[in-house]
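> I would like the atomic coordinates for the input below:
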Amino acid sequence: MTIYWGMIALVSMIPAILLSWFGKNESPSLGERGSMFLALAGSSFVTLLHFGGQWDSGVSISIWVTISFSLLLFMCFSLLVKDFSRLAILLLPYLFVLGIFALLWEGRGSPQDIKDGSDFWLVLHIIASVITYALCTLAAISAFAVLLRERALKEKKIENKFLEKLPAVYVSDRFQVSLLTMAEVVLGLGILTGIARQYSSSGNLIEFDHKTLLALIAFFVIAVLLVLHRFIGIRGQSAVRFVLAVYLLMTLAYPGVKLVTDVLITS
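Residues are numbered from 1 along each chain as shown. This next block holds a predicted model:
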C-alpha cells in the first residue's frame, strides 16, 4: 500500500517542479508556495505511513525522511531569505529523483521499536542525523548553483534563462557556508547523542563502525572548510569541492550504509 502513496507523493511534487522551472524570477507566488506545501504534505504522509511506534531503518524510508525534512527546511529558509527560494529549480527535480529510488527500494528494511524510554538517546540521534543530512542536501544544492553560475561566467554564457533563475554566485556561496555551519552544530550533537546511546547500552563510549567513521570525517572536513572560509576567505569552486565532499560522506554514512545492508547484501 505504501508504494501507491509513494507514487501519489511523487505526483504531488510535479506542480512545484513545473512552477519553479516556468515561473517568474520574482518572489514566490501564492501558487508556488501552495505547490511546495503540497509536495511537503505528500512526502510527509508517506513518511508517517512507515511509522507506527517503530523506526523503519530501510533505505526507502531514509530517502522519504530526507525529502520531507529537506522540503520543510527549504520552505522555512525561503520564508526568511527571499533568494533562497530560487534554489527550488535544482532542489525539487533532485528530490523527485530521490523519490523514484525510494519507490524502487520500497519494502526493504528492519523495523526497530523506539517506544522504550531507554531509547531516548536513539530518538535524539535519529533526529540529529536526519536534520544534518537535510542541511547537507541543501548545502550541496547551493554548491551546485555556484558551480553552474561560475562555469557559465567563465564560458561567457551571460544570457541564460535557466541560470537567471538561480541566485547570484556570492549569494549561493553564502548559503552553502551558512548551511554547513548549521550542519556542523547538529552533526556534533548527533555524534554526542550517538556516544551517549552507545555508553548507556554497552558501557563503551564509541563504536567505530562505517557510519561513525564517515560522520567523524565529515565533521572534520566541515570544520576545515569553515576555518579556511573564516581566515583565508575560501569561496567559489574551491569551497564547492569541500561541500560536495561532505555531502558524499554524509550520503555514504546515512542512506549509503542502509543501501548496502538492506539492498545489496540481502539481494
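> please count neighbours and contacts with C-alpha atoms only from this point.
Will do.
> could you report the pLDDT at Phe37?
Note on Phe37: pLDDT of 95.
> quick check: the gap between it and Leu72.
9 Å (CA to CA, to the nearest Å).
> and if you look at Met13?
13 Å.
> likewise Trp121?
Taking CA to CA, one finds Trp121 at 23 Å from Leu72.
> now do Asp83
16 Å.
> returning to what we had before: compare Met13 and Leu72 (neighbour count), which wins?
Met13 (24 against 19; other CA atoms under 10 Å).
> identify the residue spatially nearest to the more buried one, adjacent ones excluded.
Ala39 (4.5 Å; CA to CA, 6 or more residues apart in numbering).
> looks like that neighbour contacts Ile8 (just checking).
No. If you go by CA atoms under 8 Å, Ala39 and Ile8 don't touch, sitting 9.9 Å apart.
> more neighbours, the two?
Neighbour totals were compared for Ala39 and Ile8, and Ala39 leads with 27 against 15 (other CA under 10 Å).
> list the residues that contact that one.
Ala9, Leu10, Ser12, Met13, Ala16, Leu71 (CA atoms under 8 Å, 6 or more residues apart in numbering).
> is the second one within a helix or a strand, and which one?
When secondary structure is defined using DSSP states H and E, the element that contains Leu10 is helix 2-22.
> for Ala16, see how far away Leu38 is.
Applying CA to CA to Leu38 and Ala16 gives a distance of 8 Å.
> between those two, which one's more packed in?
Ranked by neighbour count (other CA under 10 Å), Leu38 and Ala16 place Ala16 first, with 24 against 19.
> isn't that one right up against Gly42?
No. Counting by CA under 8 Å, Ala16 stays clear of Gly42, with 11.9 Å between them.
> between the two, which contacts overlap?
By CA under 8 Å, 6+ apart, no residue touches both Ala16 and Gly42.
> packing partners of the helix or strand where Leu73 lies?
Using DSSP H and E, Leu73 falls within helix 59-80. If contacts are counted by 3 or more CA pairs under 8 Å, 6 or more residues apart in numbering; DSSP states H and E, helix 59-80 sits against helix 30-49, helix 88-104, helix 120-154.
> save these as TSV, and put in distance to Val186 too.
Below are those laid out as TSV (distance: least, CA to CA, whole Å):
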stretch	distance to Val186
helix 30-49	21
helix 88-104	21
helix 120-154	6
